[in-house]
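**Student:** how would this look folded up:
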Amino acid sequence: MSTEPLRQDPAPQRASEARLLQLRREGETRGRVEGAGVHPPGAPFPKASPETGYYGVPMLKQPQWKWEVPLYFFVGGAAGSAAVIGAMANWVGRDPELRRNARLVAAAGGMISTGLLVADLGRPARFLNMLRVFKKQSAMSMGAWTLAAFSSFSGATAFAELIGEWFDFAPLRVLGNISEAFSAALGLPFHNYTGVLIGATAIPVWNQNITTLPIHFGMSGLNSAVSILELVGHNNAALNLLGIGASAFETYEGLHLEQRPEAALDPLKHGLSGWITRLGGVLSGPAPLSLRLAAQISGSQKMRRAACWSSIAGSLLTRYGWMQAGKASAQNWRLPLEVPKSTPEAPKLQSKPQLPQARAIKTA
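**Tutor:** Numbers count the residues shown, from 1 in each chain. Coordinates of the predicted model:
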């Protein structure tokens, strides 16, 4: 048996070299190559196409937040608004019962918000690590500090309120009023900073609404706080006016989003995220607005309570709808590259321009 190595047939090798030389000449002379590449069957080579984008890999990562974060957005918005309502009831309205319940809602919301954020992070140490840096350019850093300060001051305000029911101690009242001032001042940014947080990202559907998301989330939080306090038993006329104003703005915001034709807003109008967002918009906008106006005319408390439940459900669904829309928007690779849906045929490469020939110099 011969031990000499097997020699390959040089014919296929010569043919491939000739083909390669032909392609090079074609590219040099015409500026393009008409021949298509070869994709062996079963080969693990990725394909790039107008339908799959860059080899089917999305340009952006989906948000990794779990269910706790949209719930945190909802609870934080209601808590921040309740702190402001409680301060106004104490300073302007002179309504001690509304002040008490608003303080308790704000304190409970601050504690629940902290628990939800820690649950999403996984360990309390991670939340403490976020407080090691104070970076005013970062919405996340400012949000963590706002949450920590708001929870502390709203908790101190509620503590002074509850202890003051048994002991009429002047320094305790002063402590409660000072803490209330800080919790109300922090409640203003706390009830809408989450809109800034998601708007300052590369997710197209969020970034396209960076100017309106903070107001949208703020009005939604105000609507929730008003509804919670009304369900507790407060039939204050000022609360009803606040609910009408918040519902009216939510109605306007929904119509504004529906009329905008940007492709980045498609997740708010189609698919699962579109259904959730639109249902949340109806429940937090037109539905409670109509019910509140009807209750204002007829004096029906059932309609007013129905408006409260509708506002709470709509505000909660709105947060989950925007979160789902962000995930759907991150999967669309066309949006970051601003590529239309019907991608036209790529223009063919033109050959390199030739240097102009030297003009003959005319002689006299």
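**Student:** relative to Met142, how far out is Ser113?
**Tutor:** Look at Ser113 and Met142: by C-beta to C-beta, to the nearest Å, they are 15 Å apart. (C-beta placed from N, C-alpha, C; glycine too.)
**Student:** more neighbours: which of the two?
**Tutor:** When Ser113 and Met142 are compared for neighbours, Ser113 comes out ahead with 24 against 17, by other C-beta atoms under 10 Å.
**Student:** so how far is the helix or strand harbouring Ala149 from its chain's centroid?
**Tutor:** Per DSSP states H and E: Ala149 is located in helix 139-164. Here the centre of helix 139-164 is set off from its chain's centre by 24 Å, with C-alpha atoms, centre = their mean, to the nearest Å.
**Student:** what comes into contact with stretch 277-284?
**Tutor:** 220, 223, 247, 250, 253-254, 257, 268-269, 310-311, 313-322, 324-325 (C-beta atoms under 8 Å, 6 or more residues apart in numbering).
**Student:** pull out the buried members of these.
**Tutor:** 220, 223, 247, 250, 253-254, 257, 268, 310-311, 313-322, 324-325 (16 or more other C-beta atoms under 10 Å).
**Student:** among these, which are in strands?
**Tutor:** Among the buried ones among the contacts of stretch 277-284, DSSP state E puts none in strands.
**Student:** filter the contacts of stretch 277-284 down to just the ones in helices.
**Tutor:** 220, 223, 247, 250, 253-254, 257, 310-311, 313-322, 324-325 (DSSP state H).
**Student:** for stretch 166-180, give the mean pLDDT please.
**Tutor:** In this model, stretch 166-180 has a mean pLDDT of 82.
**Student:** only alpha carbons, please: show that stretch as CSV.
**Tutor:** Provided in CSV are the C-alpha atoms of stretch 166-180 (Å, rounded to 0.1, in the frame of the first residue of the first chain):
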residue,chain,number,x,y,z
TRP,A,166,-52.0,61.3,71.1
PHE,A,167,-49.6,63.9,72.3
ASP,A,168,-50.1,67.6,71.6
PHE,A,169,-46.4,68.5,71.6
ALA,A,170,-45.4,71.8,69.9
PRO,A,171,-41.9,70.7,68.8
LEU,A,172,-43.5,67.7,67.2
ARG,A,173,-45.9,69.9,65.2
VAL,A,174,-43.0,72.0,64.1
LEU,A,175,-41.1,68.8,63.0
GLY,A,176,-44.2,67.7,61.0
ASN,A,177,-44.6,71.0,59.3
ILE,A,178,-40.9,71.2,58.3
SER,A,179,-40.9,67.6,57.1
GLU,A,180,-44.1,68.3,55.1
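**Student:** how far away from the center of its chain is stretch 262-271?
**Tutor:** 14 Å.
**Student:** could you tell me the end-to-end distance of that stretch?
**Tutor:** Stretch 262-271 has an end-to-end distance of 16 Å (criterion: C-alpha to C-alpha, to the nearest Å).
**Student:** so which bits of that stretch are buried?
**Tutor:** Buried residues in stretch 262-271, counted by 16+ other C-beta under 10 Å: 263-268.
**Student:** low pLDDT regions in this structure?
**Tutor:** Applying pLDDT under 70 to the chain flags the ranges 1-13, 35-57, 336-364.
**Student:** how about the spatially most central residue of it, secondary structure?
**Tutor:** The residue lying closest to the centre of the chain (C-alpha atoms, centre = their mean) is Ile198, at 3.8 Å. At Ile198, secondary structure determined by DSSP: H, G, I helix; E, B strand; the rest coil is helix.
**Student:** what's the distance between it and Ala238?
**Tutor:** 31 Å.
**Student:** which residue ranges of the stretch 151-300 of the chain form helices?
**Tutor:** Remark: helices assigned in the stretch 151-300 of the chain by DSSP state H, counting those that start in this stretch are 170-190, 193-199, 204-207, 213-232, 237-259, 271-284, 286-298.
**Student:** tell me the most buried of those helices?
**Tutor:** Most buried of these, by mean neighbour count (mean count of other C-beta atoms under 10 Å): helix 213-232, with a mean of 25.
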